[in-house]
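# starting from these lines, generate the structure:
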Amino acid sequence: MAKKVVGKSALYKRAVKYRGTICEICGVVEHLQLHHIDGNPANNAPENRITLCWSCHTKWHWQHGKKAKRRKDALQAAS
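Okay, here's the model as predicted:
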């Protein structure tokens, strides 16, 4: 029997229950997100997750070479 494919919204809902109450980098308590250290959103092991505010989360990705796609880049790729 094949494993069921889990959608992004289901993974997001699961991640929310693991999210902490403060950003582990700056201590902010608003706009919190769960970050998976290994990049696998299905891996919710305690050692693989940290809570970051949206700002620190974005900075983390930039510092680790995972730049967000800009809308202009996405539109060019689609054409």
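
# any idea how far V28 lies from H64?
20 Å (Cβ to Cβ, to the nearest Å). The C-beta positions use only the backbone N, C-alpha and C, and glycine is treated the same way.

# host element of the residue nearest to the spatial centre of the chain?
Closest residue to the average C-alpha location of the chain: H35 at 4.2 Å, with Cα atoms, centre = their mean. Here H35 sits within strand 32-36, counting by DSSP states H and E.

# what about the following helix or strand past that strand, average pLDDT?
The helix or strand immediately downstream of strand 32-36 is strand 49-53, counting by DSSP H and E. What strand 49-53 shows for mean pLDDT is 93.

# angle of the helix or strand following strand 49-53 against strand 49-53?
Using DSSP H and E, the next helix or strand after strand 49-53 towards the C-terminus is helix 54-63. Relative orientation of helix 54-63 versus strand 49-53 (axes from the mean of the first three to the mean of the last three Cα atoms, to 10 degrees): 120 degrees.

# helix 54-63 to strand 32-36, inter-axis angle?
30 degrees.

# just the buried residues of helix 54-63, please?
Buried residues in helix 54-63, counted by 16 or more other Cβ atoms under 10 Å: C56, H57.

# identify the residues contacting that helix?
The contact list for helix 54-63, computed with Cβ atoms under 8 Å, 6 or more residues apart in numbering, reads C23, I25, C26, V28, H31, L32, Q33, H35, L52, K67, A68.

# what about V6, which SS state?
Put simply, V6 is coil when judged by DSSP: H, G, I helix; E, B strand; the rest coil.

# same question but for S9, I mixed them up
Going by three-state DSSP: S9 is helix.

# from T21, how far out is it?
For S9, the distance to T21 - Cβ to Cβ - is 23 Å.

# now swap in S55 and tell me
17 Å.

# ditto for K66
25 Å.

# quick check on the two: which one has the bigger neighbour count.
K66 (10 against 7; other Cβ atoms under 10 Å).
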